[in-house]
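Need coordinates for the following:
(2 chains)
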Amino acid sequence: MTTVSAAIKNSFDVQEVRRQFPVLQREVKGYPLVYLDNAATAQKPKAVIDALTDYYSGYNANIHRGIHTLAEEATAAFEATRDTLVQYINAPSREEVVFTRGTTEGINLVAQTWGRKNIGEGDEIIISSLEHHSNIVPWHMLCKEKGAVLKVIPIDSEGRLLIDEFERLLSKRTKLVSISHASNALGVINPVKKIITLAHAAGAVVMVDGAQSSVHLDIDVQDLDCDFFAFSAHKLYGPTGIGVLYGRRSLLEDMPPYQGGGEMIREVCFQTFSYNDLPYKFEAGTPNIADAIAFKAALDFTTQLGKDKIRQHENDLLAYATERLEQVQGLKILGRVEEKVSLVSFVIDKIHPQDLGILLDNRGIAVRTGHHCAQPLMNCFGVPGTTRASFAAYNTREEIDALMKGLERAVKILS
Amino acid sequence: MGTHPSIEEIEKEIVDEFSLFDAWDEKYEYIIDLGKKLPPLEEEFRKEENKVKGCQSTVWLVADYRDGKVFYKAESDAVIVKGLISMLIRVLSGQSPDDIVNTRLDFIRDIGMMTHLAQTRSNGLLSMVKQMKNYALAYKIKNAG
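Modelled structure (predicted):
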């Protein structure tokens, strides 16, 4: 056993991984870049950058209807990403995998189509205290329009969802539960499988916001049994502006289209029109072809490297960072739980996160400071914001050492 | 009042002070020092109507008009922003509404701090500069009327 696990560990060569990311070679303000803002967006490996330039310099064409060679090549590459995604999330079929601009659009699509059709006055939607604004505001808007009620699962002092409270919130009026798989602000992994089981038992549909989980965890939408699952490519080493919405076929078929235009129709005359089949019904207009194609390179990158190996590496970094940070006087980590994605969010007595962020940037260290688009959560903790360091496959223990050095210096100057 | 130096004169002083610093660290240590020394805003002024909201930090700003000049007092919850506020007050407080409205505050660019004005979502500084000018404009209009 030892030799096997040692072999797995040895086969993950972080320096080799780093060499695949051109941006990691640069300096910021005279220091080597230490990029610890991966939960906001991950850097892109050369394979992804190459896929973009290969498309534009080799076979740029509009997809699906062109009869010429370039259009065929572009269509094949575009649809190949969909097939890769089917495997990546274990979707039952490719028709249930819809391209979007990202997680936010996926959630809005569900709110504006499934939601507007199925939510009525007095109906209830349940979210949690941990949600990103993108999993709050679309439901706020829907509730306001329909006279529905938004309910919120509370958390404990470490950011764990109170499942008992969730069970109490569930009622006959609960139509939808929309929940993050992992919190962007704290890193806490939510027990979504349990939530889905409970919600389904109450007759509610469940949407999972996979923005933070899709890069770290193995995603199996059939095992989770979720009804919708949304995520973005850019947090997964892929391009910005492209993402995915998985939807259960029966629900997608019943949903009206999101936007009208080309691609989403079968027949159009001035009197009427009919929709195209899934998934094209939800993909009006020329899609983001280049980024969709390059998304496959990102998925292949993580799969080839091995998500389990990446996770092992990231968990090691998380444990190391947590251990080092806990030694800093006056520093408090928010979200100290067992099950976390690889990010650590903290506050330091009498030090504003923004000041810390600016001083760390002066040492080439990129962290995220502020409310992380989760103001209600920050209010729960009574802080204006936190400092968040989030780790990816290419980060190293040495970079955490640099963070600690930068942090100690910043604290000294600011205190 | 005596002869209060002009906006341009004070800007030049600040640019000269910053020319002594080679590294970013030194510039920021100086700004943090200014921030720490900025007198706290009296509690009575720290209210909602005086808030200039930023995405990450908050600024409170009050203005007063005496003898044809505008005087400012401000504070923030973040110390670097406080340091930048301190410089803005040094430059603008005690100037005429006309001069305040017309200045481009080039010193901010010259000392390499433009990034703090560009990051509109990150802090309230840009909103604060606008608000300082708005106060001056309001006094100017009131004067004319």
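
Every contact and neighbour count from this point should use C-alpha atoms.
OK.

And the strands in the stretch 201-350 of chain A, which stretches?
Per DSSP state E, counting those that start in this stretch, the stretch 201-350 of chain A carries strands over the ranges A:205-209, A:228-232, A:243-247, A:265-268, A:273-275, A:331-334, A:343-348.

as a whole number, average confidence for the shortest one?
Spelled out, that is strand A:273-275. Here strand A:273-275 scores 82 as its mean pLDDT.

before we move on, the earlier item: what's the closest of the strands of the stretch 201-350 of chain A to chain B?
Chain B lies closest to strand A:343-348 among these, at 12.9 Å (C-alpha to the nearest C-alpha).

helices and strands around that closest one, which ones?
Contact here means 3 or more C-alpha pairs under 8 Å, 6 or more residues apart in numbering or on different chains; DSSP states H and E; on that basis strand A:343-348 packs against helix A:307-326, strand A:331-334, strand A:386-390.

Mind putting those into CSV with mean pLDDT, mean neighbour count and distance to A:Lys44?
Shown next, in CSV, are the helices and strands packed on strand A:343-348 (pLDDT from 0 to 100; neighbours: other C-alpha atoms under 10 Å in any protein chain shown; distance: least, C-alpha to C-alpha, whole Å):
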stretch, mean pLDDT, mean neighbour count, distance to A:Lys44
helix A:307-326, 97, 18, 15
strand A:331-334, 97, 18, 29
strand A:386-390, 97, 27, 16
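
Most tightly packed of the strands of the stretch 201-350 of chain A?
Ranked by average neighbour count under the criterion mean count of other C-alpha atoms under 10 Å in any protein chain shown, these are headed by strand A:228-232 at a mean of 28.

That strand - which strands sit beside it in the sheet, and in what orientation?
Partner strands and pairing direction for strand A:228-232 (DSSP bridges) are strand A:205-209 (parallel), strand A:243-247 (antiparallel).

wait, which of those is closest to A:Arg173?
Judged by C-alpha to C-alpha, the one of those that comes nearest to A:Arg173 is strand A:205-209, at 11.7 Å.

Up against chain B, what does chain A have?
Contact residues (C-alpha under 8 Å from any C-alpha of the partner chain) of chain A with chain B: A:29, A:351-352, A:354-355, A:359, A:362, A:369-371, A:384-385, A:413-414.

Buried members of the residues you listed into PyMOL, please.
For the buried members of those, the matching PyMOL selection, counting by 16 or more other C-alpha atoms under 10 Å in any protein chain shown, is:
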select buried, chain A and resi 351+352+354+355+359+362+369+370+371+384+385+414
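
Export the helices and strands packed on strand A:343-348 to CSV and append columns for distance to A:Phe270.
As requested, those are exported to CSV (distance: least, C-alpha to C-alpha, whole Å):
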stretch, distance to A:Phe270
helix A:307-326, 50
strand A:331-334, 57
strand A:386-390, 52
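
hang on, the earlier thing: how about TSV for the strands paired with strand A:228-232, with mean pLDDT and distance to A:Phe270 added?
Output for these, formatted as TSV (pLDDT from 0 to 100; distance: least, C-alpha to C-alpha, whole Å):
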stretch	mean pLDDT	distance to A:Phe270
strand A:205-209	98	36
strand A:243-247	98	31
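
Show the model's pLDDT score for the spatially closest residue to A:Leu360 that is not a sequence neighbour.
Among residues not flanking A:Leu360 along the chain, A:Gly406 sits closest, at 5.8 Å (C-alpha to C-alpha, 6 or more residues apart in numbering or on different chains). A:Gly406 carries a pLDDT score of 96 in this model.

quick check: angle from the helix or strand where A:Gly406 lies to strand A:386-390?
In the assignment (DSSP states H and E), A:Gly406 maps to helix A:397-414. Here the directions of helix A:397-414 and strand A:386-390 differ by 160 degrees (axes from the mean of the first three to the mean of the last three C-alpha atoms, to 10 degrees).

now helix A:397-414 against strand A:343-348, angle please.
20 degrees.

Contacts only, for the residue lying closest to A:Asn118 once chain neighbours are set aside.
Nearest residue to A:Asn118 in three dimensions, chain neighbours excluded: A:Lys175, at 7.9 Å (C-alpha to C-alpha, 6+ apart). Applying C-alpha atoms under 8 Å, 6 or more residues apart in numbering or on different chains, we find A:Lys175 in contact with A:Asn118, A:Ile119, A:Asp123, A:Glu124, A:Ile125, A:Gly203, A:Ala204, A:Val205.

Could you look up the SS state of A:Lys175?
Secondary structure, DSSP: H, G, I helix; E, B strand; the rest coil: A:Lys175 is strand.

quick one: least confident helix or strand in chain B?
helix B:114-118 (a mean of 70; mean pLDDT, DSSP states H and E).

Low-confidence regions, the chain specifically.
If you meant another chain, say so; for now it's chain A. Within chain A, the ranges that satisfy pLDDT under 70 run A:1-10.

wrong one, I was asking about chain B
Ranges of chain B meeting pLDDT under 70: B:1-2, B:54-55, B:117-124, B:145.

I'd assumed B:Val70 was in contact with B:Ile89.
No. Applying C-alpha atoms under 8 Å as the test, B:Ile89 and B:Val70 come out as separate, 10.3 Å apart.

the more surrounded of the two?
Higher neighbour count among B:Ile89 and B:Val70: B:Val70, with 22 against 17, using other C-alpha atoms under 10 Å in any protein chain shown.

Pop out the phi and psi values for that one.
phi -100, psi 140 (degrees, to the nearest 10).

and it, what does it touch?
By C-alpha under 8 Å, 6+ apart, the contact set of B:Val70 is B:Ala63, B:Asp64, B:Leu92, B:Ser93, B:Gly94, B:Gln95, B:Ser96, B:Pro97, B:Ala136.

swap in A:Lys44?
For A:Lys44, the contact set (C-alpha under 8 Å, 6+ apart) comprises A:Phe21, A:Pro22, A:Tyr237, A:Gly238, A:Pro239, A:Ala298.

Which residue, neighbours along the chain excluded, lies closest to A:Ala40?
Using C-alpha to C-alpha, 6+ apart and skipping the chain neighbours, the partner closest in space to A:Ala40 is A:Lys235 (6.8 Å).

In the helix or strand that B:Glu8 is a member of, which residues have enough neighbours to count as buried?
Per DSSP H and E: B:Glu8 is located in helix B:7-18. Neighbour-count burial for helix B:7-18 flags B:Ile7, B:Glu8, B:Ile10, B:Glu11, B:Lys12, B:Ile14, B:Val15, B:Phe18 (criterion: 16+ other C-alpha under 10 Å).

Of those residues, which is the nearest to A:Ala402?
Nearest member of the buried residues of helix B:7-18 to A:Ala402, counting by C-alpha to C-alpha, is B:Phe18, at 27.3 Å.

if I look at the closest one, how far off is A:Gln354?
22 Å (C-alpha to C-alpha, to the nearest Å).
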